[in-house]
Structures are given as structure tokens and as C-alpha cells.
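In: Sharing a sequence plus its predicted fold:
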Amino acid sequence: MTIIYFTPGPSQLFPTAQKHIQQALKDDICSLSHRSNSFKVIYKEAVRGIRKLLTIPDTHEIAFLSSSLEAMERIIENMVINKSFHVIDGAFSQKWYDMTLSLGKKSLSTTLELSKPVNSLTIPKHTELICITHNETSTGIMIPLSEIYRVKKRNPSIPIALDVVSSAPYAAIDFKYIDIAFFSVQKGLGLPAGLSILIVNKRLTQKSVGSYHAFKELFKKSVDNQTPETPNVLDIYLVAQVTKDMLKKRIQAIRLETEEKADMLYNFFETCNIGRPFITDKKYRSSTTIVIDVNNKSEQIAGLLKKKRMIVGRGYGEYKNTHIRIANFPQHSMKMMKDLISAFRALK
Ligand SMILES: *Cc1c(COP(=O)(O)O)cnc(C)c1O
């Protein structure tokens, strides 16, 4: 029996990933020059796949970075001279904010209160960029996109950068309201780590702070279906293949199935005696990262599930012992989730 990874990243691979990796080895993809025409074809296919899957309009460009932490830093470098404004809903948004301070910015932040919609926040004067983490993988909070759009409607002149690392491709983003978005392939695309996808409004791609990954340099190359550095060619190839598979399955079906699986898990934990959903306000409950408060038994529970060849995430940081985190990505089938619930049910 194979092991199933319900960890929120790296996670279970997409079911077709193994086949595509084998094909890539057969076709010598890993030895391909990143300046060759064959590479450019792969690059173009990967970008086309992402654009189709997420319905990214022509107003926005797509480029590749090596991780989403890198994306956070490049975004701040290129977009912020003095200060950005950050909505903190967990450890990843906090990391992004702390990064700005390390870069010498005078950025400000506020902790999200679930009783107040994010659009009711007052944006400080002279804010150059608003940074929001759509799905906080550390806490299981997912901010409704409609609230984030309202932030943009109220502050139309301030760009918004959105971390969708653990909500893409489930999140159906309306790019009319989002200037910048990014995500890593090891979460909801079910691929090996080492590649981040950055989506930037064309108005902003001429910024040029930094060196080889200054936006201007990065997007000058991406228009020519290349990267400034030697990239993770294998992952770019896999993005091209897996987005095709997902499009075949239809993204609407994937999104609907994600919600069905999330509802099933939350319903189970509402009524079982193992634990309770950490986020009680249903409006903010993540569909892709289910966080359960298990009364300090996370080590024991994760250990018992491991014996059944199911790997769940422990809590993040300070919650290590109190939480279990279950990734609910496209690669996690309804059957896997039903088996996981049965395994939880059988825990003693
Ligand atoms: C995983 C994660 C990141 C970091 O992604 P890396 O690819 O490890 O750099 C950032 N934000 C969120 C919300 C994440 O879940």
C-alpha cells in the first residue's frame, strides 16, 4: 500500500506527475539548454497552461521564480520604496511583513480580526502596496476573495499583492482587482518543490530594482519564453503537463470537488470527539487547508495515522502539538479523503 501525503506542502504528487517525470527523463528534459528552442516551447506551454487554468487576462504577465518566499522578497524590492501594508492572519503573512523590515522598509501591519471584514481596515497614508495572504497555511484561515476585491474598490490606486500559495488553483481570482499574485508548485499543483509562479499586471513589470530577478529583467526574458537564470526546467515541463491534465478534468469540477471534500471533513470534525475545526467562523474556514485543534494530541494522532500510511501535517510553529493540518488539494481524491476519515474514526 502506498503512502498518502495530506501534508500542506510538499504534499501528495498529482496522480499523473510520476508518469510525466518518467517521460521527462526519457526525453532528456533535464539536460535541455534553457536557451534552446525546445525549452522555449515548454516554457510557452507552461505559461499557457497557467493562464488558462486560472483565467489570467492579457493585462497580466506570468514569470517563474524559485520559491514563493523569493516572490515575496522580489515583490517588496520592486514595488516598495518606503512602506507596504500587511494584513496578518498567521505565520506566512507575518514572515512577509518581517521580510520588509529586514529590507529596511518602514512597512506597517495589522492583525486580521475575524469579526471585522478585511475591507473595513483603514489603509495607512502613503501605502505603496497592500499585501494579503489569501490562505494562511499556518492557521487555516481563508479570506473571502470578495472582501479582498472590496479593499481594491476602496483603494483603487494602491496595488494589491496576493499570496495564493496554498489556495491556487482552487482560488478563482478576478484579476481586475488583483495586481500581483504568486504560488508554489509543491502545494495545489502537486509537483516537486523548487518553482514559484508570479503573476504581475503589465503596468508594473517595468520596475527594475534588484539584479537578474528585477521585474524588468525577469519579464523581458519571459516575453521571449526564457528565464534570466538556469531554471528548474523539469518543474516548468511538469507545470505544462499537469495544467493540461487539470484542464481536461475541468477547473470548475476541481473547485467544486475541493468544496465537497472540505465540507465532508469539517462536518466530520464538527461531530467527532477527536478534535474541532480551529477556525469556528465558517466564512473564514479554508477549503484547501483544514486545521483541527486536537487538544495537544497531534503527535499521537499523526503517529497512529502514519501506521496506516497516511501522513497528516502537525500544527505550524507554536501550534505544533495542538493542531493537525490536512491539505485538501486537487491531487487529494474524494476516495483518499473518505479513507482518511475512516482512519480517524478507527483511532483509539
Ligand atoms: C508554503 C507557503 C509559502 C512559502 O512557499 P515556498 O515555496 O516554501 O517559498 C508562502 N506562503 C504560504 C501561504 C505558504 O503556504
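Out: Arrived safely.
In: any idea how far stretch 88-101 is from the chain center?
Out: Relative to its chain's centre, stretch 88-101 lies at 15 Å (C-alpha atoms, centre = their mean, to the nearest Å).
In: Check the secondary structure at Asp98 for me.
Out: helix (DSSP: H, G, I helix; E, B strand; the rest coil).
In: which parts of the stretch 151-300 of the chain sit against the ligand?
Out: Residues of the stretch 151-300 of the chain lying close to the ligand (C-beta under 6 Å from any ligand atom) are 163, 165-166, 184, 196. Placement of C-beta: from N, CA and C, glycine included.
In: And these, which two are furthest apart?
Out: Ser166 and Ser196 (12.4 Å; C-beta to C-beta).
In: any shared contact partners between the two?
Out: Common neighbours of Ser166 and Ser196, counting by C-beta atoms under 8 Å, 6 or more residues apart in numbering, are Phe183.
In: Looking at these two, which is more packed in?
Out: Ser166 (31 against 24; other C-beta atoms under 10 Å).
In: contacting residues for the residue lying closest to Val239 once chain neighbours are set aside?
Out: Closest residue to Val239 apart from its sequence neighbours, by C-beta to C-beta, 6 or more residues apart in numbering: Ala46 at 4.2 Å. Taking C-beta under 8 Å, 6+ apart, we find Ala46 in contact with 64, 236-237, 239-240, 243.
In: Break the protein down into its domains, please.
Out: Segmentation of the chain into domains, based on automatic domain parsing, reads 4-12+250-345, 17-248.
In: Export the ones you listed to CSV and append columns for mean pLDDT.
Out: Formatted as CSV, the domains of the chain follow (pLDDT from 0 to 100):
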stretch, mean pLDDT
domain 4-12+250-345, 97
domain 17-248, 97
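In: burial of the closest residue to the ligand within the stretch 201-348 of the chain, as a residue count?
Out: Nearest to the ligand, among the residues of the stretch 201-348 of the chain, is Thr289, at 7.8 Å (C-beta to the nearest ligand atom). By other C-beta under 10 Å, the residues close to Thr289 number 29.
In: check contacts around it.
Out: Applying C-beta under 8 Å, 6+ apart, the residues contacting Thr289 are 8, 135-137, 140, 142, 166, 325-328.
In: Any idea what it is bridged to?
Out: Legend: beta-bridge partners of Thr289 under DSSP bridges are Ala327.
In: gap between Ala327 and Ile274?
Out: To Ile274, Ala327 is 18 Å away according to C-beta to C-beta, to the nearest Å.
In: who's more crowded, these two?
Out: For Ala327 and Ile274, the more surrounded residue by other C-beta under 10 Å is Ala327, and the numbers stand at 25 against 16.
In: what's the closest of the contacts of Thr289 to Ala253?
Out: Distances from Ala253 to the contacts of Thr289, taken as C-beta to C-beta, are shortest for Asn328 (14.9 Å).
In: Against Ser36, how distant is that closest one?
Out: Distance of Asn328 to Ser36, computed by C-beta to C-beta: 38 Å.
In: Among these two, which residue is more densely surrounded?
Out: Asn328 (28 against 12).
In: mind pulling up the phi and psi values for the more buried one?
Out: Dihedral pair for Asn328: phi -120, psi 80, per degrees, to the nearest 10.
In: That one is in contact with Glu259, isn't it?
Out: No - judged on C-beta atoms under 8 Å, Asn328 makes no contact with Glu259 at a distance of 9.3 Å.
In: Kind regards, and thank you for your time.
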